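Asker: could you work out the structure for the sequence below:
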Amino acid sequence: AVFGRASHIFDAADRLHIKSKEMMGRFFGEFKRIAGNNIGSIGHDIEEVIQKSNRALHEKFLEQLRRKMGKPNIGDSEQSAKLRRMLDQLYKPNARIGSGSTADAIRHERLFVGEKVGGKEHIKKGNDFLRGLKDWLEKNPTAPNGDKAAAENIIKDLEDALFSNPMNWR
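Answerer: Here you go, the predicted model:
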């Protein structure tokens, strides 16, 4: 249920991105009509910059959603058993930091250098599980789509926690 709601939010974000692209297309179509198609490459350059900016904002929005994501619910298939065990280790119930994810613990440790979460360091654990999740995806191409999406989003969240600039975590 938790990931189901997050999945709907990610779908809505994708629809919003598509809608903004459609609106920009109509805007530039009208702009070109009024200008008599005499805007040359400047109009194309402006349109390209705006589209790239919209995509970057969309990706930033998805990044923020992943940071707030709770532990995903996954299927009961045999393929899902290993993924479920990994999730049980990556998310702690009743956590003091964020959603209880290892990624949140890593972000905390990177922001407050030397301060451990729960008396443990999480960066090595995050790197180990990052490899484990990527391996699981590679070995389970026929796993349920929801399980694969959960693994992909956790991978992106771990990568964000491990490798991105903490100044961008706002």
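
Asker: tell me which helix or strand Leu62 sits in.
Answerer: helix 40-68 (DSSP states H and E).

Asker: please report how far Leu87 lies from Ile74.
Answerer: Distance, Leu87 to Ile74, using C-beta to C-beta, to the nearest Å: 7 Å. Any C-beta I mention is one placed from the backbone N, CA and C, and that applies to glycine too.

Asker: quick check: neighbours shared by the two?
Answerer: Contact criterion C-beta atoms under 8 Å, 6 or more residues apart in numbering; residues shared by Leu87 and Ile74: Ala150.

Asker: what about the protein, any weak spots by pLDDT?
Answerer: Applying pLDDT under 70 to the chain flags residues 1-50, 169-170.

Asker: the helices in it, which residues?
Answerer: Secondary structure of the chain (DSSP state H): helices at 2-35, 40-68, 80-90, 102-111, 123-139, 145-163.

Asker: quick one: buried residues of the third one?
Answerer: Applying a neighbour-count criterion of 16 or more other C-beta atoms under 10 Å, the buried positions in helix 80-90 are Ser80, Leu83, Arg84, Met86, Leu87, Leu90.

Asker: likewise the last one?
Answerer: When burial is assessed from 16+ other C-beta under 10 Å, helix 145-163 yields the following buried residues: 146-151, 153-158, 160-162.

Asker: so which of those comes closest to Lys120?
Answerer: Comparing these against Lys120 with C-beta to C-beta places Ala161 closest, at 15.0 Å.

Asker: mind checking how far that closest one is from Ala103?
Answerer: Computed as C-beta to C-beta, the Ala161 to Ala103 distance reads 4 Å.

Asker: which neighbours do the two have in common?
Answerer: Gly126.

Asker: okay, now the residue nearest to Ala95 when sequence neighbours are not counted: neighbour count?
Answerer: Leaving aside its chain neighbours, Ala95 sits nearest to Asp104 (7.5 Å; criterion: C-beta to C-beta, 6 or more residues apart in numbering). Applying other C-beta atoms under 10 Å, we find 23 residues neighbouring Asp104.

Asker: noted, bye for now.
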